[in-house]
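Colleague: Mind looking at a prediction? Sequence and model below.
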Amino acid sequence: MHNEVAPLARFAAVDTRSPDAAREAIGRIFCPHFLSPTQRAPASFHARHHTVEQTGYSVNFVAYGATVEIDPGELSRFFLLQLPLKGSAKVRCGTIVADVEAGRRASILSPTLATRMLWNEGCEKLIILIRRELLEAQFESLTHRTCRSIEFDTGVDLAGPVGRALWQHAQLMLSAAEDGRTVPDAYRVLLRDGMTALMLTGLASNMSDLFDAPAPAADPIAVRRAQDFMEA
């Protein structure tokens with residue numbers, strides 16, 4: 001984006017041509033990770049990370065310029081919805097590998113699954129980080145069940161109805177982040193809850209069968225937990 005203004009440019013947190021500096025700085029924003037260009041001292045390496053923190057989530061723009069390998073292991077504390085704006089990447093989360101490409105396919109990383117990625121040269125992504133406890137609370141609200149570890153399939157088809165909805169919703173979140181504090185906090189929270197509901201009900205995961213089944217009785221969550229405990 002040399003002749004364009006990158007998303008969230010007013011909120012630049014990292015702008016460096018040093019892989020070591022990028023690894024340390026972006027690690028503080030997301031989590032500690034291995035980051036290595038595939039070529040020795042590539043001239044095209046230029047790490048940029050723009051970020052806006054919201055209530056329970058953040059909106060991010062990330063680019064590295066050069067082809068890089070990234071290994072964060074398990075994210076532990078959050079989910080990452082990664083939407084390519086330019087270029088392509090190969091993403092492995094758990095045992096599922098997805099080839100992602102701008103306009104065609106995105107990826108989602110789950111906190112309990114080990115992740116490795118190869119971002120090809122020129123890859124740029126819009127990344128929505130959602131705190132694990134917020135998505136799990138949404139799961140309990142929708143299903144009235146105690147939440148176990150939620151693990152999504154890695155790839156997201158952006159051409160399908162759910163993928164298009166995720167893309168459009170992410171654009172709303174980006175727009176609200178770009179506008180800073182002029183957008184009411186209550187609206188930002190609604191955007192967050194809409195995204196988590198869409199992810200849980202629309203994307204394939206180890207919990208998908210619960211959303212395909214008939215709706216459970218609307219017992220209070222505390223009662224449902226007690227029932228689950230007694231049944232166990």
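Modeller: Looks like it arrived, so ask away. Numbering: from 1, shown residues only.
Colleague: Please name the residues that touch residue 29.
Modeller: By Cβ atoms under 8 Å, 6 or more residues apart in numbering, the residues touching residue 29 are 13-14, 49, 51, 60. C-beta: built from backbone N, CA, C; applies to glycine.
Colleague: so how far is residue 78 from it?
Modeller: In this view, residue 29 and residue 78 are 11 Å apart by Cβ to Cβ, to the nearest Å.
Colleague: Identify the contacts common to those two.
Modeller: Between them, residue 29 and residue 78 share no contacting residue, judged by Cβ under 8 Å, 6+ apart.
Colleague: if we can go back for a sec, widest-spaced pair of the contacts of residue 29?
Modeller: The two members of the contacts of residue 29 with the most space between them (Cβ to Cβ) are 14 and 60, at 10.3 Å.
Colleague: anything in contact with each of those two?
Modeller: Here residue 14 and residue 60 have 29, 49 as joint contacts, going by Cβ under 8 Å, 6+ apart.
Colleague: more crowded one of those two?
Modeller: Taking other Cβ atoms under 10 Å, residue 14 and residue 60 do not tie; residue 60 has more neighbours (26 against 17).
Colleague: residues touching the more buried one, list them.
Modeller: By Cβ under 8 Å, 6+ apart, the contact set of residue 60 is 8, 29, 49-52, 126-129.
Colleague: Specify the local secondary structure of it.
Modeller: Residue 60 carries the three-state label strand when classified by DSSP: H, G, I helix; E, B strand; the rest coil.
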